[in-house]
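# Pasting the sequence and the predicted coordinates here, then a few questions.
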Amino acid sequence: SVLSCEAPKASAQAWVDIVKGCVKAIDGTHIKCIVSSELQVAFRNRKVFTGQHVMAIIDFELTFTYLLAGWEGSVHDGRVLRDTIYNPVFKFPRPPP
């Protein structure tokens with residue numbers, strides 16, 4: 001069998017159905033940073049530069065509603081999100097009931 005790497009094309013209505021009920025979007029990125037030699041291993045990311053995670057949430061008016069920066073670049077995105085959700089110190093926004 002042949003595997004396809006292309007995402008199926010969706011109609012405009014299909015995209016509306018996909019995002020229906022969504023109130024925000026979340027993404028993360030790596031920002032380059034300079035750290036002491038003792039911390040370079042922890043902050044070196046998969047792109048081979050020292051960096052830190054920045055995770056942001058925006059609403060559909062493109063307004064930032066949450067921003068978290070500072071996690072070491074070697075930490076996986078999923079760990080940053082999971083710890084942020086479950087650690088009350090970060091005050092991660094919750095959806096309305």
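Cool, got the structure.
# wait, what's in contact with Ile58?
By CB atoms under 8 Å, 6 or more residues apart in numbering, the contact list for Ile58 reads 24-25, 64-65. All C-beta spots, glycine's among them, are computed from the backbone N, C-alpha and C.
# if we go to 6 Å?
Each residue near Ile58 by CB atoms under 6 Å, 6 or more residues apart in numbering is listed here: 25, 64.
# same check, this time on Val80
Val80 neighbours (CB under 6 Å, 6+ apart): 53, 55, 71.
# which SS class is it?
Of the three states, Val80 takes helix under DSSP: H, G, I helix; E, B strand; the rest coil.
# Tell me how many other residues crowd the nearest residue to Ile57 once chain neighbours are set aside.
Excluding its sequence neighbours, the residue lying closest to Ile57 (CB to CB, 6 or more residues apart in numbering) is Tyr66, at 4.0 Å. Burial of Tyr66 is recorded as 16 neighbouring residues (other CB atoms under 10 Å).
# Confirm Tyr66 sits in a strand?
Yes: according to three-state DSSP, Tyr66 belongs to a strand.
# ok, it touching Arg94?
No: contact between Tyr66 and Arg94 fails when scored by CB atoms under 6 Å: they sit 10.9 Å apart.
# all strands for this structure, in order.
Counting by DSSP state E, one finds strands in the chain at the ranges 24-32, 51-59, 64-72.
# and these as JSON lines, adding distance to Pro88?
Output for the strands of the chain, formatted as JSON lines (distance: least, CB to CB, whole Å):
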{"stretch": "strand 24-32", "distance to Pro88": "18"}
{"stretch": "strand 51-59", "distance to Pro88": "17"}
{"stretch": "strand 64-72", "distance to Pro88": "14"}
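# comparing those strands, which gets the lowest mean pLDDT score?
If those are sorted by mean pLDDT, strand 24-32 sits at the bottom with a mean of 86.
# and the angle from that one to strand 51-59?
Calculated by axes from the mean of the first three to the mean of the last three CA atoms, to 10 degrees, strand 24-32 forms an angle of 160 degrees with strand 51-59.
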